[in-house]
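> Quick one: sequence and predicted model below, then my questions.
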Amino acid sequence: SLSLFVDALSGRDGHSLWWREIRLGDSHDSCDGLGIGELFWWNSGPDGWPQLVIPYTASFDEGIPRTFVLSAASGRIQQTAVGAREPRAADLDGDGTSDFLDFRPTHHSAFDGGGKLYALRGMSASEWSRLGGVWRGASDFDGDGTDDLVQTSGFLSAVSGRDGHMLWNIRASSNDFYSS
């Protein structure tokens, strides 16, 4: 069985922070043609840490390429992009957040023979539109290093900016929000 090993080492003293074994498949007669593409960092994941993108191709002539997206905090695989041979990160829509791009040529041996460009829109860690209503950035109420969000709509509510869980929800009248 063929495996890919990823080790995260401390920049301060070189000790291992975490390691991950990614099983790539059954057996291969040789390692000819196996390749790890260019590694890069992508947007923060659900845990608030950047994600390490690792493209892997079994060979150019056979096998389906895969790209693994790992959390920098734990090494846990966040996503596997099947078919993504040489992904890149670029801000296509100008929102300040990198998007995930992958060009898939019609013929993998001739990149000038046409193909399709796939784009996955990146979302920033502070994009909480799925919560509904109008939320505003606030201070770091829970001390986790990420600013939290507040909303006033008959209640004064706060949610964690890191993972979206409710911190508190207090019923209050409109007069409670103003002071003279």
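Received it, and whenever you're ready, just let me know what you need.

> only C-alpha atoms for contact and neighbour calcs from this point on.
Fine.

> Give me the nearest residue to G35, chain neighbours excluded.
Leaving aside its sequence neighbours, G35 sits nearest to T57 (CA to CA, 6 or more residues apart in numbering; 5.3 Å).

> Just the pLDDT for A73.
Listed pLDDT for A73 reads 89.

> Now the residue nearest the centre of the chain. Its backbone dihedrals?
Nearest to the mean C-alpha position of the chain, by CA atoms, centre = their mean, lies G45 at 3.8 Å. Here is the backbone geometry of G45 (degrees, to the nearest 10): phi -90, psi -170.

> Do I have it right that it meets V69?
No. Using CA atoms under 8 Å, G45 makes no contact with V69, being 9.4 Å away.

> How many neighbouring residues does K116 have?
The local packing of K116 (other CA atoms under 10 Å) involves 10 other residues.

> Over to D102?
Per other CA under 10 Å, the neighbour tally for D102 reads 18.

> Enumerate every residue touching it.
If you count contacts by CA atoms under 8 Å, 6 or more residues apart in numbering, D102 has them with A84, R85, E86, P87, R88, L117, Y118, A119.

> Name the nearest residue to G75, ignoring sequence neighbours.
Excluding its sequence neighbours, the residue lying closest to G75 (CA to CA, 6+ apart) is R20, at 6.0 Å.

> cool, and A158?
Distances taken as CA to CA, 6+ apart place V150 nearest to A158, at 4.4 Å, with adjacent residues excluded.

> follow-up on the earlier one: so what pLDDT did the residue nearest to the centre of the chain get?
We have a pLDDT of 76 for G45.

> count of neighbours near A72?
For A72, the neighbour count with other CA under 10 Å is 21.

> G114 versus that one, what's the distance?
35 Å (CA to CA, to the nearest Å).

> List the contacts of L52.
Contact partners of L52, counting by CA under 8 Å, 6+ apart, are L39, F40, W41, W42, V69, L70, S71, A72.

> For the fifth one, what are phi and psi?
I take that to be V69. The phi/psi pair for V69 (degrees, to the nearest 10) reads phi -120, psi 110.

> For it, list each beta-bridge partner.
For V69, the beta-bridge partners are V53, Q79 (DSSP bridges).

> Out of the contacts of D102, which two sit at the greatest distance?
R85 and A119 (13.4 Å; CA to CA).

> of those two, who's got more company?
Neighbours per residue, other CA under 10 Å: of R85 and A119, the larger number sits with R85, 24 against 16.

> got any ranges where this structure has weak pLDDT?
Scanning the chain with the threshold set as pLDDT under 70 gives 26-34, 59-63, 108-111, 123-137, 172-180.
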